[in-house]
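Student: okay, predicted coordinates and the sequence, questions at the end:
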Amino acid sequence: MSNLLTVTPSPHAHGKETTGKLMLGVVIALVPALITSIYFFGLGAIIVTLTAILSCVIFEYLIQRFILKKPLSINDGSAVVTGLLLAFNLPSNIPLFIIILGSLVSIGVAKMTFGGLGNNPFNPALVGRVFLLISFPVQMTTWPIPSGFNTSYTDAVTGATPLGIIKGGLKGGEEISVLMDQVPSHMQLFYGYMGGSMGEIAAAALLIGFAYMLIRKIITWHIPVSVIGSFAIFTAILWLVNPEKNADPLFHLLTGGLLLGAIYMATDYVTSPMNPKAMIIYGCGIGIITVIIRVFGAYPEGVSFAILIMNAFVPLMNTYIKPKRFGEEVKNG
Amino acid sequence: MKTFPTGGVHPPENKITANAPIRPLPVTGQVVIPVSQHIGAPAAPVVNKGDIVKAGQIIAAGKGFVTSNIHSSVSGKVNKIDNVTDITGYRQTAVFIDIEGDEWVDTIDRSDTIVQEFNHTPEEIIKKCLDSGIVGLGGATFPSHVKLTVPTGKKCDILIINGVECEPYLTADHRLMLERGEEILIGITILMRALNVDKAFVGIENNKPDALAHMTRLATGFKGIAVHGLKVKYPQGAEKQLIKALIKREVPSGRLPLDVGTVVHNVGTAFAVYEAVQKNKPLIERVVTVTGKFLKSPGNFLVRTGTPVSRLIEAAGGLPEDTGKIVAGGPMMGKAVSSPEVPVVKGMSGILVLSQDEAGRKEKEPCIRCAKCVAVCPLGLEPYLLMTLTELKLFEKAEAEKITDCMECGSCSYTCPASRPLLDYIRLGKTTVLKMARERNLK
């Protein structure tokens, strides 16, 4: 034994969790959805995912190394998660340069400008996605029709998403009962047989990942449940009021990236609130804004915008919504 | 299953000494007895160099109300009265006694006979606790006679006994409940008399099923004492959390358990009270768990106060080659000591020896705002925010965010995936805020 003892303040024990392990956990939770995506969209899914992850990590490295000249932190895995989530928000047949540009915006603009991990107010993957949606509206909304591993990357057969079909049809004055025949059944939607962004299609796989993240205690239930709950209630009310003009809540839940957003994007640590009460308010805000955009707005989906809008309120919520302090409101016998 | 509702963590329990019976540590060499082993005013030495003392003889007397008496734990000759570095790292006055034989004060009953009957009045019990130097043995070392004196206008209707031992590694209370359960229950009855209550709840975590079963069985022979199993969760042994878990009352911020009609005492204290009242024995020895994954023979020892920690470690197989840290207490709230020569004091429930590898800390990374520190805080505070406010020296804001409510349980630092030293900063902020408040009160 060396003569000197270490003297530090307590605690003298530390839990096993690290930032890197948490990020790895998120990646593992996304694997079932990735497999589903490859199953339905083939090679394209792999190319898009790898490109997004690689370019996010490389951009983070380059910016930290040459512009910020700060210690490197690509090992924490947060850039991998951003890349993966960005890929999940893209169609599987999108040109490579668009993915790389989106990664640059995600990492360079949305994350590093604000000081890197932990400091960005807006979800990086969603900023990248929305940037691309506005800049390349055609490529971003040309969805390949799922045709298994034969789906060609460059010239896949494309079509609209189920939500797009409904939205377009309703605008043309058609009724839900007629339109529902043109989209896949709820069961097909559940396991992912539909056109759409890579990660948004597979409800079943996303829910498996959700269960994993809850068991692993990576996230808590508050945000996903409040997003899904408020969203379901709002769409159910609209559907009950006028079932011929509004799709049923289950259809809404299974399409348009609602689950991907609620489980994986809205729960992003950095850009979501810090206590359960605020998380629930934040989640309900996302659910309600999504419905408003979908039903009354121009975009068929709306989850991305809803999350970004609520991201903006997070600092305000952290300041004014406080957890219940022990011994604050006393109700004794 | 009963537990407290907000926050908490579950570190690996590591109760490696749970099956090791309490062994008395041989009394040899020298003891160094600090005059301040309690919260409140230090006691003043009443012996001089060269005096011959017996075990149980008073050697330093407390002055005032919130203080305690200190007794010699051995028989022998006072070598000197000098400064010693205690577990906090600060130096304080201590009585050094060279041990000669093991002669006790005559009035102390050293037999193993269990004395059940007592007919003391509450005042007599409180006086006995004061005279015998009884302090809270759970670690806080608050003088017991103060806690037993209910101020006029306050009412106490339930006594809570803390057998939780939520700190990982420690098993001193566990063994005491198994081996001296009956004495503890008599001690509880005495405490109930002192407080004039007819109900007592004993809280024991479920990771001690043998102690729980044993105490439950014994308690059937005692009136008004109910034993409850609690879900394993740290920091359940914290006073306010235990009260919430057992009787669902919430002690208001900045107030005491007495404000919700209860008082909490540790099982070790109940045992010490039994010995003081029934056996006339002052608090001069206690059970200390000596533990660590790399110790050859970790165990639970009955040890006289003032014994150097190094002697306990020798009894547990000696200090391992790559010792990095010695902690007085458990890993969550214990104090790292600067030398193995610090003396055992009344509040020391364990000695934890950690390897070089376990002693270090991970490098701090940026906060990812995962909110886990908020989720585990048993007091509903926001550790990440309190740390930032302290870093930015925004102490008024930290005060408004209730930084002084923090009891320093360490759940936040333990949980933080980015290994941020949350509690270090919160301590700093808390100390500064308390100082500000004192200065404000002076004006």
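Tutor: Perfect, thanks for sending it. Owing to the predicted nature of the structure, the values given are computational and were not obtained by experimental measurement.
Student: burial count for residue 72?
Tutor: No chain was given, so I picked chain A. Around residue A:72 there are 11 other residues, counting by other CB atoms under 10 Å in any protein chain shown. All C-beta spots, glycine's among them, are computed from the backbone N, C-alpha and C.
Student: my bad, the chain I had in mind was chain B
Tutor: Residue B:72 is flanked by 28 other residues according to other CB under 10 Å.
Student: with the one 3 residues further on instead?
Tutor: Other residues within reach of residue B:75, judged by other CB under 10 Å, total 20.
Student: check the chain and tell me which residue is nearest its centre.
Tutor: Picked chain A for this. In chain A, the residue lying closest to the centroid (CA atoms, centre = their mean) is residue A:265, at 3.0 Å.
Student: try again with chain B
Tutor: Short answer for chain B (CA atoms, centre = their mean): residue B:139, at 1.4 Å.
Student: how many neighbours does residue B:327 have?
Tutor: When counting by other CB under 10 Å, one arrives at 31 neighbours for residue B:327.
Student: follow-up on the earlier one: identify the residues contacting the residue nearest to the centre of chain B.
Tutor: B:329, B:333, B:347, B:349 (CB atoms under 8 Å, 6 or more residues apart in numbering or on different chains).
Student: in TSV, list those along with distance to residue A:44.
Tutor: Listed next are these as TSV, based on distance: CB to CB, whole Å:
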residue	distance to residue A:44
B:329	59
B:333	55
B:347	67
B:349	63
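Student: just say helix, strand or coil for whatever residue of the stretch 101-250 of chain A ends up closest to chain B.
Tutor: Nearest to chain B in the stretch 101-250 of chain A, going by CB to the nearest CB, is residue A:118, at a distance of 4.3 Å. Put simply, residue A:118 is coil when judged by DSSP: H, G, I helix; E, B strand; the rest coil.
Student: what's the nearest residue to the residue of the stretch 301-443 of chain B found nearest chain A if we skip its chain neighbours?
Tutor: Ranked by CB to the nearest CB, the top residue of the stretch 301-443 of chain B for proximity to chain A is residue B:410, at 3.3 Å. With sequence-adjacent residues excluded and distances taken as CB to CB, 6 or more residues apart in numbering or on different chains, residue B:410 is closest to residue A:11, at 3.3 Å.
Student: quick revisit: give me phi/psi at the residue nearest to the centre of chain A?
Tutor: Residue A:265 adopts backbone torsions of phi -90, psi -40, taken as degrees, to the nearest 10.
Student: if I look at residue B:19, how far off is residue B:178?
Tutor: From residue B:19 over to residue B:178 the distance is 10 Å, taken as CB to CB, to the nearest Å.
Student: of the two, which one has the most company?
Tutor: Neighbours per residue, other CB under 10 Å: of residue B:19 and residue B:178, the larger number sits with residue B:178, 19 against 13.
Student: for residue A:150, report the pLDDT, please.
Tutor: We have a pLDDT of 61 for residue A:150.
Student: in the stretch 201-333 of chain A, where is pLDDT below threshold?
Tutor: For the stretch 201-333 of chain A, the stretches with pLDDT under 70 are A:329-333.
Student: so what's residue 242 up against?
Tutor: Because you didn't say which chain, this covers chain A. Counted by CB under 8 Å, 6+ apart, residue A:242 has zero contacts.
Student: meant chain B, my bad for not saying
Tutor: The neighbours of residue B:242, taking CB under 8 Å, 6+ apart as the test, are B:4, B:160, B:162, B:164, B:203, B:236, B:264.
Student: confirm for me that the fourth one is in contact with residue B:204.
Tutor: Yes: under the criterion of CB atoms under 8 Å, residue B:164 makes contact with residue B:204 at 6.7 Å.
Student: any common contacting residues for the two?
Tutor: Any residue near both residue B:164 and residue B:204 by CB under 8 Å, 6+ apart counts here, and that gives residue B:230.
Student: domain assignment for chain B?
Tutor: B:22-99, B:122-279, B:287-299+B:307-358, B:372-442 (automatic domain parsing).
Student: now tabulate these in JSON lines and tack on mean pLDDT.
Tutor: Listed next are those as JSON lines, based on pLDDT from 0 to 100:
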{"stretch": "domain B:22-99", "mean pLDDT": "94"}
{"stretch": "domain B:122-279", "mean pLDDT": "95"}
{"stretch": "domain B:287-299+B:307-358", "mean pLDDT": "95"}
{"stretch": "domain B:372-442", "mean pLDDT": "96"}
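Student: reformat the ones you listed as a markdown table; add distance to residue A:295.
Tutor: Formatted as a markdown table, the domains of chain B follow (distance: least, CB to CB, whole Å):
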| stretch | distance to residue A:295 |
| --- | --- |
| domain B:22-99 | 64 |
| domain B:122-279 | 44 |
| domain B:287-299+B:307-358 | 52 |
| domain B:372-442 | 35 |
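Student: which one, of these, ends up nearest to residue B:8?
Tutor: Closest approach to residue B:8 among the domains of chain B (CB to CB): domain B:122-279, 4.2 Å.
Student: which strand or helix spans the residue in chain A that chain B sits nearest to?
Tutor: Proximity of chain A to chain B (CB to the nearest CB) peaks at residue A:11, 3.3 Å away. Using DSSP states H and E, residue A:11 falls within no helix or strand.
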